[in-house]
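*Asks:* Sharing a model that was predicted from the sequence below.
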Amino acid sequence: MRHFFSRRMPRFLGMALLATGLTVAVMPAAAQATVPQLHQAPATGGCSVDPSNSYWAGYVACGSSYASVSATWTQPQVSCTSNGTVGFWVGLDGHGETPIEQTGINVSCATGTPQYTGFWESSATSPAINYNEPVYPGDTIVANVLYQGNDTYSLQLTDSTRDWVEITPLDSVAPNSSAEVIAEATTENGVVTPLPNFTAIQFRQVTIDDVSLSSALAQPTSLVNGNGQDLAYPADLTGNGFTDFYAGWVGSSVGAAFAASNGDNLYTYASPGVANMNDPILGGTSPAIALLSNGTYEIAYQSTSNYLTLFNSGTTSHTYLPMKPGTSPAIAAQAGGGYQVAYQSSTGSMWTYTPSSGGVNQSQGMLAGTSPAITALSGGGYEMAFQANTGILILYGSGGDLNTGLGMKSGTSPSIGAVGSGFETAFQANTGVLWTFGTNGTDDLGLGMASGTGPAITGLTTGGYEMAFQTNTGVLEVYGQAADLNTGVGMAAGTSPSIAAQAGGGYETAIAENTGQFTVYGTAGNVQTDSLLESGTSPSIAG
């Protein structure tokens with residue numbers, strides 16, 4: 001059974017109607033162009049916030065009188081997977097049949113290309129009013145709604161990246177009975193528009209009446225479809241904010257493998273859920289997975305007998321090639337067919353395996369307890385990366401054999417991905433920070449990593465690459481050409497993420513959450529399962 005980060009049972013709600021009764025004074029700088037109107041969340045008795053509704057995802061405070069709400073965010077990238085509009089905003093009132101005072105950013109996909117626009121709205125001006133200012137993904141946005149007394153408000157929207165500020169005065173007789181920080185599927189002609197895909201938005205420095213959301217007793221609510229399935233949802237509060245995720249109920253076109261806590265058995269994931277393969281994996285080790293050219297998945301792992309073992313479509317293949325206890329294999333597949341496995345043998349040397357050649361000793365000494373990485377190169381052949389028994393990052397394969405001279409954190413393993421006609425590796429340096437090395441050179445990214453963990457890297461279908469790693473604060477972070485984002489999603493100590501490219505320049509990651517649950521997170525959707533990973537092990541993802 002699939003669950004999402006919200007951990008709430010959603011149910012479908014009808015739309016609320018907008019109330020009227022505001023008078024408005026507008027600054028001349030605001031261009032009065034009509035855009036889709038923003039909705040009100042339904043009241044469900046008292047100040048209770050329903051855990052799900054048909055258009056909002058975020059946090060709502062109610063049950064008191066509120067004078068201000070403020071939030072900062074980095075404007076997320078929107079992909080026009082639908083022709084709808086998504087809005088990101090803060091506001092007062094709007095919970096139940098009350099007036100609204102809101103400001104933020106709308107992103108319309110009506111033309112098939114995302115159009116980013118600042119806006120403000122009240123009940124008297126609905127639909128909303130656009131600001132004639134530039135907005136782009138990655139911009140730093142600050143939104144404030146302030147009640148100034150005597151039925152007057154100030155709505156302020158700032159794009160500090162583009163160096164503009166819009167301040168709109170507003171006269172309104174309103175109860176100030178709620179405050180909201182929201183991502184929304186907006187409405188046109190009384191119909192909620194289909195929610196387009198957006199990268200996770202991290203609302204930070206969020207305050208209601210100058211206190212945190214938790215201090216204001218704000219409650220979460222998720223956006224669901226007519227079947228009660230999450231389309232967008234907020235994560236739990238962290239620090240002074242939270243992250244809203246796009247789910248889309250599209251699952252994802254990936255496959256994953258992991259060692260479950262249930263008897264160390266091999267489990268697989270493919271939309272819509274997980275399955276127990278009833279093949280035992282050596283405790284403390286992790287499987288690897290690759291998508292083959294015939295559309296099936298090949299999984300490599302260390303059996304409880306310490307042998308390299310393969311699994312595909314219900315069939316287990318025993319190679320009887322001994323592996324170093326406590327290490328994990330890596331696997332990569334060529335687009336034209338075939339695959340290759342890299343692993344640390346029982347002798348401490350790196351070996352490779354293909355069905356045609358069997359096991360081949362590459363005579364490369366590896367550091368005890370570490371595992372190699374492998375990628376299929378676009379021009380054919382494979383490139384591998386590993387930590388040598390000298391503690392140095394080594395590259396070996398069709399793309400070149402190289403002692404990089406770069407020291408790795410002891411006990412960690414690198415990752416490698418094909419990028420264009422070359423490759424890129426990601427690893428934890430002996431300084432404890434994330435580094436890259438490849439055909440584009442060497443880069444110290446200065447991003448602190450959790451001790452004992454390794455990063456993951458994949459080449460994107462649109463060029464460039466994306467990485468995922470566990471930060472030294474224990475959360476999943478993605479970094480690269482698709483997104484630079486601290487997701488706020490906690491990871492299990494000592495575990496590493498996996499990442500796979502998706503069509504259109506997107507990505508999906510697989511992680512062990514700090515709850516131990518297997519979780520998929522990325523641009524195609526986010527899924528949290530009820531399945532627990534074996535402690536200290538990490539999942540693998542391919543797509």
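*Replies:* Now that the structure is in, tell me what you want to look at. Numbering: from 1, shown residues only.
*Asks:* only C-alpha atoms for contact and neighbour calcs from this point on.
*Replies:* Noted.
*Asks:* Could you report the separation of the closest residue to Ala510 other than its chain neighbours from Asn262?
*Replies:* Distances taken as CA to CA, 6 or more residues apart in numbering put Val520 closest to Ala510, at 4.6 Å, once the chain neighbours are dropped. Relative to Asn262, Val520 is positioned 19 Å away (CA to CA, to the nearest Å).
*Asks:* the more surrounded of these two?
*Replies:* Val520 (28 against 15; other CA atoms under 10 Å).
*Asks:* Mind listing the residues bridging to the more buried one?
*Replies:* Beta bridges link Val520 to Ala510, Val527, judged by DSSP bridges.
*Asks:* correct me, but it touches Pro539?
*Replies:* No: counting by CA atoms under 8 Å, Val520 does not reach Pro539; the two are 9.8 Å apart.
*Asks:* Any stretches of the protein with poor pLDDT?
*Replies:* Within the chain, the stretches with pLDDT under 70 are 1-46, 97-98, 126, 247-253, 271-273, 524-525.
*Asks:* Run through the residues that contact the residue lying farthest from the centre of it.
*Replies:* Distance from the centre of the chain peaks at Asn150, with 43.5 Å (CA atoms, centre = their mean). Not one residue lies near Asn150 by CA atoms under 8 Å, 6 or more residues apart in numbering.
*Asks:* That one and Ala67: what is the separation?
*Replies:* Distance of Asn150 to Ala67, computed by CA to CA: 12 Å.
*Asks:* Next: Thr370.
*Replies:* Using CA to CA, we find Thr370 at a distance of 56 Å from Ala67.
*Asks:* Give me the more crowded residue out of these two.
*Replies:* Thr370 (23 against 18).
*Asks:* wait, doesn't that one sit right on Met408?
*Replies:* No: contact criterion CA under 8 Å: Thr370 and Met408 do not qualify, at 11.0 Å.
*Asks:* what touches both of the two?
*Replies:* With CA under 8 Å, 6+ apart as the test, Thr370 and Met408 both reach Gln387.
*Asks:* quick revisit: can you list residues touching both of Val520 and Pro539?
*Replies:* Listed as contacting both Val520 and Pro539 by CA under 8 Å, 6+ apart are Ala510, Ile511.
*Asks:* Can you pull the domain assignment for the protein?
*Replies:* Following automatic domain parsing, one finds the domains of the chain at 2-241, 261-542.
*Asks:* Now tabulate these in JSON lines and tack on distance to Gly255.
*Replies:* Formatted as JSON lines, the domains of the chain follow (distance: least, CA to CA, whole Å):
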{"stretch": "domain 2-241", "distance to Gly255": "15"}
{"stretch": "domain 261-542", "distance to Gly255": "5"}
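*Asks:* I'd like to know which of those lies nearest to Val254.
*Replies:* Val254 sits nearest to domain 261-542 of all the domains of the chain, at 5.6 Å, using CA to CA.
*Asks:* and Leu266, how many neighbours?
*Replies:* Neighbourhood size, Leu266 [other CA under 10 Å]: 26.
*Asks:* do the one 4 residues further on as well
*Replies:* By other CA under 10 Å, 15 other residues sit near Ala270.
*Asks:* Ignoring the adjacent residues along the chain, who's closest to it?
*Replies:* Among residues not flanking Ala270 along the chain, Gly255 sits closest, at 4.9 Å (CA to CA, 6+ apart).
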